[in-house]
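J.: What would the 3D arrangement of this be:
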Amino acid sequence: MRAAEHKIAELPEIPRKRYFAIGEVSELCDVKPHVLRYWEQEFPQLKPVKRRGNRRYYQQDDVLMVRRIRSLLYEQGFTIGGARLRLRELPKGNAPQAAAPEVTAKPAAAPKGGVRRASEIKRLRSDLESLLNLFPK
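T.: I've put the predicted structure just below:
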């Protein structure tokens, strides 16, 4: 599904539990289970615990990481490779915690057109400049 086609919805609050089944994570993050399994292959940061019969159990940090990945892909328009690079930029121990404010900070009804587009262009420009700074001159 393309980013423009995927609905940007308010995600439910994450309950205080130690483990979540793949179906629960699917509902909490508005992502289908097969997509979650695919993302596990593409993003090394996403590693749910596997138990009996290869059942996946996600922890709180995993759910936050899924939301971060979802935001990068569906809301911010990154490709899988771009999202992978973006997640690598974050400090190791800080990735899931850094994701929570950004994902939930979306306004309920963003104005269409110029203002939103200008802020997206500024963000993209900043992202590109930070990528350029990764390479020696």
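
J.: which stretches of the chain form strands?
T.: With DSSP state E as the criterion, the chain has strands at 20-21, 49-51, 55-58.

J.: Figure out which of these is closest to Ile80.
T.: Minimum separation from Ile80 across the strands of the chain (CB to CB) falls at strand 55-58, 19.5 Å. (C-beta placed from N, C-alpha, C; glycine too.)

J.: and that closest one, what other elements does it pack with?
T.: When contacts are defined as 3 or more CB pairs under 8 Å, 6 or more residues apart in numbering; DSSP states H and E, strand 55-58 packs onto strand 20-21, helix 22-29, helix 33-42, strand 49-51.

J.: Give me the distance between it and the centre of its chain.
T.: 18 Å (CA atoms, centre = their mean, to the nearest Å).

J.: Can you tell me how far Asp62 is from Leu11?
T.: Separation of Asp62 from Leu11 (CB to CB, to the nearest Å) stands at 15 Å.

J.: Quick check, Arg18 in contact with Gln59.
T.: Yes: between Arg18 and Gln59 there is a contact at 6.7 Å, judged by CB atoms under 8 Å.

J.: out of these two, which sits in the more crowded spot?
T.: Neighbours around Arg18 and Gln59, counted as other CB atoms under 10 Å, are more numerous at Gln59. The numbers are 16 against 8.

J.: so what's that one scoring on pLDDT?
T.: Note for Gln59: predicted pLDDT of 91.

J.: ok, now which ones touch it?
T.: 18-20, 48-49 (CB atoms under 8 Å, 6 or more residues apart in numbering).

J.: Please pick the buried ones from these.
T.: Buried members of those, counted by 16 or more other CB atoms under 10 Å: 20, 48.
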